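J.: no sequence on this one, just coordinates:
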């Protein structure tokens, strides 16, 4: 059994270990900042207003609409927390529903009738494997971190 690190353990991870794991500074700073505010973040679990939960999550530097939605999906069980600002989600969902790839704004308009269940729609379509057709090679992973270019042990 594995147990995730405590907020204190997350705060103590040195920058070189983040880099070794392939996590650059701007992303590790978000995690460390969240760990320093863990108690305040945990208090959001007592809230029921999705807009207020999102506002509190996004008050952390580096937490945007996508991260807030992902946290609301998993920690709060928010059935409406659609993953806007994701590289593929809006394109996949819109293609599955109307056969056309739309950006976030277009997809938001398309899924508005599902308000209250938009994440459920997203997840059901993902599990069904329905999405836009893939063309060309996969996007290469970044190689700007030491762990990506040199396998450190």
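T.: Thanks, I have the structure now. In this text the structure is predicted, and so the values were computed from the model without any measurement.
J.: so which bits of stretch 66-86 are buried?
T.: 66-73, 76, 78-84, 86 (16 or more other CB atoms under 10 Å). Quick note: C-beta positions are derived from backbone N, CA and C, even for glycine.
J.: and that stretch, how far apart are its ends?
T.: Stretch 66-86 stretches 6 Å from its first residue to its last (CA to CA, to the nearest Å).
J.: what sits up against that stretch?
T.: 30, 44-45, 50, 53-54, 57-58, 64-65, 89-90, 104, 107-108, 111, 115-122 (CB atoms under 8 Å, 6 or more residues apart in numbering).
J.: and the helix or strand harbouring residue 69, what's its mean pLDDT?
T.: Assigned by DSSP states H and E, residue 69 belongs to helix 65-75. The average pLDDT within helix 65-75 is 96.
J.: beyond it, next helix or strand please.
T.: helix 89-98.
J.: got the domain boundaries for the chain?
T.: Recorded structural domains for the chain (assignment: the TED database) are 7-76, 88-128.
J.: count of residues packed around residue 49?
T.: 10 (other CB atoms under 10 Å).
J.: for residue 55, see how far away it is.
T.: To residue 55, residue 49 is 9 Å away according to CB to CB, to the nearest Å.
J.: before we move on, what about residue 30?
T.: Separation of residue 30 from residue 55 (CB to CB) stands at 17 Å.
J.: those two - which one has more neighbours?
T.: A count of neighbours by other CB under 10 Å puts residue 30 above the other of residue 30 and residue 55, at 17 against 12.
J.: so the more buried one touches residue 62, yeah?
T.: Yes: Residue 30 sits in contact with residue 62 when judged by CB atoms under 8 Å, with a separation of 3.6 Å.
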